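Trainee: My questions are about this predicted structure, shown below with the sequence.
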Amino acid sequence: NRVLHIPALTYAPTGNPLNFLDCDSAFVGSPRAAAIAKEALKNFAGPIFTAGPQTARFLLQQGISVAAAGTEKGARDSFPRFLEIRKVQNVAWISALETAADLKQIAAENQVRIRHFPVYKTQAAKVDEQKMQRLEHPLSWHFYSGKAVNAMSRFIQEGDLVNLHGASAEKAFALAQPCR
């Protein structure tokens, strides 16, 4: 097999200040968010929860403790378990500017306050259309975000295998209905 990495998205840090003074816990939504916020998180005293094991692994490699990692099925599913581990009231939500999670719903369902700290923004990357059209199918695709699905689903052909990692990728793929 030949493995190709075709970046579907580019990102840019927002430069927003990370002042967690009124927060007693933090949720980190991705390894990219963790990389951008790692210096602020090194000095954070509250429990840190992550969207999934890759984000937790990155933080642990930086010497930052993690209270619990989610299952990558979406923060909404993981949050009740987080609150069984540590009772918190004010969550610093560290993620992309646009997040698939409904923060108001998660806050209401779990009776917490969430303050969003958007540390980066994403946009579709430039894709070499001709190169994509020359790829020999069937292909095995791996998508890690809904935005990646939206950027690349037009290239999926019947017989291709699609692997969706995370709730936002699953939701976007269901809505995209690429050729199957």
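Mentor: Perfect, thanks for sending it. Numbers count the residues shown, from 1 in each chain.
Trainee: Check the burial of Ala37 by counting its neighbours.
Mentor: Applying other Cβ atoms under 10 Å, we find 27 residues neighbouring Ala37. In short, each C-beta sits where N, CA and C put it, glycine included.
Trainee: which residues sit in contact with the residue nearest to it when sequence neighbours are not counted?
Mentor: In this structure, Ala37 finds its nearest non-sequential neighbour in Ile94, 4.9 Å apart by Cβ to Cβ, 6 or more residues apart in numbering. Contact partners of Ile94, counting by Cβ atoms under 8 Å, 6 or more residues apart in numbering, are 18, 26-29, 33-34, 37, 41, 117, 119.
Trainee: Mind doing that once more with 7 Å?
Mentor: Contact partners of Ile94, counting by Cβ atoms under 7 Å, 6 or more residues apart in numbering, are 26-29, 33, 37, 117, 119.
Trainee: Equivalent analysis for Ser25, please.
Mentor: Going by Cβ under 7 Å, 6+ apart, Ser25 touches 46-47, 49, 86, 88, 91.
Trainee: how deep is His5 tucked in, by neighbour count?
Mentor: 5.
Trainee: Helix, strand or coil: sort out it for me.
Mentor: Following DSSP: H, G, I helix; E, B strand; the rest coil, His5 is assigned to coil.
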